[in-house]
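*Asks:* give me the fold of what follows.
(4 chains, ligands or ions: 4)
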There are 2 protein chains.
Amino acid sequence: MSDIELIIERIELRGHRITEGRRRVIQAVLKQPSHFTVEDVLQSTRRVGRATVFRTMRLLLDLNIVCRVLLDGGNLHYRISSRGHHHHLVCNDCGRVEDFTGCDVEPLVQALAAAMKYEIDGHWLEVYGRCEACRLLRSGRPESQTTQVLSQ
Amino acid sequence: MSDIELIIERIELRGHRITEGRRRVIQAVLKQPSHFTVEDVLQSTRRVGRATVFRTMRLLLDLNIVCRVLLDGGNLHYRISSRGHHHHLVCNDCGRVEDFTGCDVEPLVQALAAAMKYEIDGHWLEVYGRCEACRLLRSGRPESQTTQVLSQ
DNA sequence: CATAGTATTGACACCAAGTCTCAATGTCAA
DNA sequence: TTGACATTGAGACTTGGTGTCAATACTATG
Ligand SMILES: [Mn+2]
Ligand SMILES: [Mn+2]
Ligand SMILES: [Zn+2]
Ligand SMILES: [Zn+2]
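*Replies:* Ligands and ions are numbered 1, 2, ... in the order given. The predicted structure follows:
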């Protein structure tokens, strides 16, 4: 079964209707790179209203079909995510993102919570750096030090 | 020396001029609760332009005089922060925030980075839950379960 | 098949958060 | 005191997102 059909099925299971607009938005989402904004999705969907695109993105977020990535600098982007709770390792140069789940931050969080007498609901962790490719590019080709593939 | 004079001094040290507008914005920031938006600051400063308030907030952020807190749900708020790198434990009910530095997440982050061959620049960690006061309120007075002091 | 009852849509106004421009003004070191 | 230059404010603009509401599309049921 194709990616889109699997997503459609999950939406149906939650009691939502399958419409042509939703199908188009999902198709656009599936074509995006590593991470993207709703504006990006909007620009690659035709014949779907702005509000519907935003509503569909919210639906996908609720269903954990996409997640949000907090970029270094505070911008929230969207990203396809099959898993539930996970974190991101973001390359600040090229925008590449790696998901990770084995972060073992939960015990630390629990200890902290006990000390503070908080009951914990959840946490958010993002890690920023430079991927191997970008690092090699920098050290090997000093003239390209200002290369910045990711805009913004 | 008062809080405001200390901040003024740090701004001067970085080669910025001290103006009445900046003084007013800082005074407003110092009067805010646990966390706030620029809009909140704007509403408690008179005779200072909107752009100047935003520019001053950015200056304070650059100087680590304020930091940003990512609330559960994705809103970024501002917060006074004397320390450099630190994290937040946020009560989702009353909006209380505790800073913490002893998070020991660095070793985990380094291990992850080594596995992924990333060079690490930094990380972002926020923890969400319910503070003791809010927890007691909930369990002891079931009729106030929907109490939500923090708007939004 | 008809149709009623929801769910969804899209146009559009609105909102929140922030940036940009540029002429006018303020600050401070000399 | 004054000149260089940093800062300001009004307001237009941008980006990301929500609320309204009449029109349209699904779908279950008879
Ligand atoms: Mn985790
Ligand atoms: Mn840390
Ligand atoms: Zn990279
Ligand atoms: Zn609380």
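
*Asks:* flag the shaky bits of chain A, pLDDT-wise.
*Replies:* Scanning chain A for pLDDT under 70 picks out A:140-152.

*Asks:* outline the domain layout of it.
*Replies:* For chain A, automatic domain parsing gives the domain ranges A:1-81, A:84-152.

*Asks:* helix, strand, or coil at the spatially most central residue of chain A?
*Replies:* Centroid-nearest residue in chain A, with C-alpha atoms, centre = their mean: residue A:79, separated by 2.4 Å. Three-state assignment for residue A:79 (DSSP: H, G, I helix; E, B strand; the rest coil): strand.

*Asks:* what is it paired to in the beta sheet?
*Replies:* Beta-bridge pairing for residue A:79 (DSSP bridges): residue A:67.

*Asks:* please report how far it lies from residue B:68.
*Replies:* As for residue A:79, its distance to residue B:68 is 21 Å (criterion: C-beta to C-beta, to the nearest Å). The C-beta positions use only the backbone N, C-alpha and C, and glycine is treated the same way.

*Asks:* for residue A:91, same thing?
*Replies:* 22 Å.

*Asks:* out of the two, which sits in the busier spot?
*Replies:* Neighbour totals were compared for residue A:91 and residue B:68, and residue A:91 leads with 25 against 18 (other C-beta atoms under 10 Å in any protein chain shown).

*Asks:* can you pull the contacts of the more buried one?
*Replies:* Residues in contact with residue A:91 (C-beta atoms under 8 Å, 6 or more residues apart in numbering or on different chains) are A:97, A:129, A:130, A:131, A:134, B:118.

*Asks:* hmm, the first one is touching residue A:35, no?
*Replies:* Looking back up the chat, that one is residue A:97. Yes. Assessed by C-beta atoms under 8 Å, residue A:97 is found in contact with residue A:35 at 5.8 Å.

*Asks:* give me the common contacts of the two.
*Replies:* By C-beta under 8 Å, 6+ apart, the residues touching both residue A:97 and residue A:35 are A:69, A:79.

*Asks:* and the residue of chain A found nearest ligand 4, how far from residue B:131?
*Replies:* Ranked by C-beta to the ion, the top residue of chain A for proximity to ligand 4 is residue A:118, at 8.4 Å. Using C-beta to C-beta, residue A:118 is found at 6 Å from residue B:131.

*Asks:* spell out which parts of chain A neighbour DNA strand D.
*Replies:* Taking C-beta under 7 Å from any atom of the strand as the criterion, chain A approaches DNA strand D at residues A:17-20, A:37-39, A:50-51, A:54, A:57-58, A:75-76.

*Asks:* at 10 Å what do you get?
*Replies:* Within chain A, the positions lying close to DNA strand D (C-beta under 10 Å from any atom of the strand) are A:12, A:15-23, A:36-43, A:49-55, A:57-58, A:61, A:68, A:75-78, A:152.

*Asks:* just to revisit the earlier point, these two touch, right, the residue of chain A closest to ligand 4 and residue B:133?
*Replies:* No. Applying C-beta under 8 Å as the test, residue A:118 and residue B:133 come out as separate, 10.4 Å apart.

*Asks:* stretch A:119-129 and chain B, are they touching?
*Replies:* Yes. Against chain B, stretch A:119-129 shows contacts by C-beta under 8 Å from any C-beta of the partner chain at A:119, A:120, A:121, A:122, A:123, A:124, A:125, A:126, A:127, A:128, A:129.

*Asks:* and the residues you listed, which of them are buried?
*Replies:* With burial judged by 16 or more other C-beta atoms under 10 Å in any protein chain shown, the buried subset of the residues of stretch A:119-129 next to chain B is A:120, A:123, A:124, A:125, A:126, A:127, A:128, A:129.

*Asks:* ok, the residue of chain A closest to ligand 4 - how many residues close by?
*Replies:* By other C-beta under 10 Å, the residues close to residue A:118 number 24.

*Asks:* identify the residues contacting the residue nearest to it when sequence neighbours are not counted.
*Replies:* Leaving aside its sequence neighbours, residue A:118 sits nearest to residue B:129 (C-beta to C-beta, 6 or more residues apart in numbering or on different chains; 4.2 Å). Residues near residue B:129 by C-beta under 8 Å, 6+ apart: A:113, A:118, A:119, A:120, A:121, A:122, B:89, B:90, B:91, B:92.

*Asks:* in a strand, that's where residue B:129 is, yeah?
*Replies:* Yes. The assignment for residue B:129 (three-state DSSP) places it in a strand.

*Asks:* for chain A, what lies in contact range of ligand 1?
*Replies:* Chain A has residues A:103, A:105 near ligand 1, with proximity defined as C-beta under 5 Å from the ion.
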